[in-house]
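Trainee: Below are the sequence and a predicted model; questions follow.
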Amino acid sequence: MSLLCVLLVAVSCAGCMSGGDDDINTTTAAPSTAPDTTAAPTTVAPTTSAPSVTSAPPMVHSECSTGYINFDEGNGRYYPCDSPDDPEEVWSTDILMTEGPVLVDYDRAYLFQSNYGTYEIKCYDVNTGEEYWYIETPFMSLEDVLLKDGNLYMFQFDQPILHCYDAEDGSLLWSSLNVLDLYPEKYDIDLINMSYSNGKILALMLPYDDITDWGGSILCCFNGTNGQLIWDFFTEDDFRTYPAIGNGNAYYTVALNDARYDASGNYAEALVGIDIDNGDYVLNTIKQEYEYNQSDLIFSGGRLYTLVTRMDEAGHDGVPSVFNKYVMCFSTSGNQLWEEKLDGMTWYNLLLGNDKLFISSGSQIICYDVSTHEDLWKLSIEHNLYNAPIITNDKLILFRSDIGATQQVIALDPENGSELWSLDLEGLQISDSATFYENMMLVATNMGYLYCFA
């Protein structure tokens, strides 16, 4: 993670499509499976554990916790509990460069940071900020970490290996096989994202044929208890989004491979659904008139929500030539249910909670009623929303993380967009928005502090 790097959520226009719903023939290999009795691989990751600072409390899960960067399996960035009404600092501790979100559960907060060439996990008492333990890890893909079932799950950066650490004391429990061993013809394989559902770890990876030639996707499903590979497949199609998980399936938007270009030579894109138990496709439908631009999906209430671009206004000689942007709702069978045009918006963050759908773009926010898709309110703000907002049970949380500006957390009333409070933070840049635990909010700033407010 570069010191001055800001992750912009952008929507690119890949081309144009025409037509309607068509079932497509997949080019994926059949998933490989392993029996449940197979022992997990024993690849060992080097770790250095420090002595515990103090005796830690028992591990008790809270329903109001943050164990995943996008907060909920449906990918809506929704925290279904209350957040602070008039936040005051409970504690803070100075930190270096963070390497992922702060995750919080079991009365503990977990910080992932780089420390001049080493990579560390630190565990704190979420109520006091007292450090319980820390470990050094291999070079991990710490931008994507999971805190589930009393475990911390991380992928190694330089080798595609999933590691599982005990969240109670930081000890290494197991390491998966090296995914390169499944695909020896590949030059390298990098993690794109990692998700969790019902005791399974779903890892999406980008394979390289050589140092500059990459393409296609590898999807692996691991048993979260022992690291055993349950199924995997390779496809030449490009999965590049976080999945929206619901009804036992993982839904993605996908750019299809060269063999399935549309008639004009532009990319075709599709909605796909994967059965998490066995890796089978349950939805694979081309929407040729739309371009999803590999926008993330949200699953909520049995429906899928996403942001799309479409060329649908006549230009020279009546040929469609103007790109318009929309928020759309689909059934899980791929049928479009409704759409709303978005004017003057460039890049997007999409979130959903409490029957409201929020879209942030640059310095603008729009709020829709999910049931009626009525435009409830719009708001222009004075800074860019580089970090995706978060919807809690009672607030919409925004982040001002412009380089060189004062770092701020801002709370809005989700009913009307009015400002409720704001906080000024020290540090170079807010890292990965904020996380929540019961009525507390934790925010980390690079080369600054890990803050806890309540």
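Mentor: On my side now, so go ahead. Because the structure is predicted, anything quoted here is derived from the model rather than measured.
Trainee: Buried ones in stretch 369-385, by neighbour count?
Mentor: For stretch 369-385, the neighbour count (16 or more other CB atoms under 10 Å) marks Val370, His373, Leu376, Trp377, Leu379, Ile381, His383, Asn384, Leu385 as buried. To be clear about C-beta, it is placed using only N, CA and C from the backbone, and glycine gets the same treatment.
Trainee: Nearest to Ser195 among those residues?
Mentor: Val370 (22.6 Å; CB to CB).
Trainee: which residues of the stretch 51-200 of the chain fall in strands?
Mentor: Secondary structure of the stretch 51-200 of the chain, counting by DSSP state E, counting those that start in this stretch: strands at 78-79, 89-94, 97-98, 103-105, 108-115, 118-125, 131-137, 146-148, 151-155, 162-166, 172-175, 188-197, 200-208.
Trainee: Tell me which of those sits nearest to Leu420.
Mentor: Among the strands of the stretch 51-200 of the chain, the nearest to Leu420 by CB to CB is strand 78-79 (15.6 Å).
Trainee: What helices and strands are in contact with the closest one?
Mentor: With contacts defined as 3 or more CB pairs under 8 Å, 6 or more residues apart in numbering; DSSP states H and E, strand 78-79 has these neighbours: strand 349-353, strand 390-392.
Trainee: Show me what the longest one is in contact with.
Mentor: Residues lying outside strand 349-353 but in contact with it, judged by CB atoms under 8 Å, 6 or more residues apart in numbering, are 9, 74, 76-80, 295-296, 298, 300, 305-307, 327, 357-361, 370, 385, 388-393.
Trainee: got it, and the last one?
Mentor: With CB under 8 Å, 6+ apart as the test, strand 390-392 has contacts from 71, 76-83, 351-354, 356, 358, 396-397, 414, 433-434, 436.
Trainee: among those, which ones are buried?
Mentor: Neighbour-count burial (16+ other CB under 10 Å) is assigned, among the contacts of strand 390-392, to 71, 76-79, 81, 83, 351-353, 356, 358, 396-397, 414, 433-434, 436.
Trainee: Among those residues, which lie within helices?
Mentor: Judged by DSSP state H, the buried ones among the contacts of strand 390-392 include no members of helices.
Trainee: give me the low-pLDDT residue ranges for this protein?
Mentor: Along the chain, segments meeting pLDDT under 70 span 1-54, 70, 143, 258-267, 288-290, 293-294, 312-321, 344-347.
Trainee: Give me the buried positions along stretch 393-403.
Mentor: Under the neighbour-count criterion of 16+ other CB under 10 Å, stretch 393-403 has Asp394, Lys395, Leu396, Ile397, Leu398, Phe399, Arg400, Ser401, Asp402 buried.
Trainee: secondary structure class for the last one?
Mentor: This points to Asp402. Going by DSSP: H, G, I helix; E, B strand; the rest coil, the secondary structure assigned to Asp402 is coil.
Trainee: tell me the contacts of it?
Mentor: By CB under 8 Å, 6+ apart, the residues touching Asp402 are His383, Asn384, Tyr386.
Trainee: now, among the residues you listed, which is nearest to Asp232?
Mentor: Among these, Tyr386 lies closest to Asp232 (CB to CB), at 33.9 Å.
Trainee: What is the burial count for that closest one?
Mentor: Neighbour count for Tyr386, taken as other CB atoms under 10 Å: 20.
Trainee: Check which helices and strands the helix or strand containing Ile286 is in contact with.
Mentor: According to DSSP states H and E, Ile286 maps onto strand 281-287. Packing contacts for strand 281-287, counted by 3+ CB pairs under 8 Å, 6+ apart, involve strand 21-23, strand 249-255, strand 269-275.
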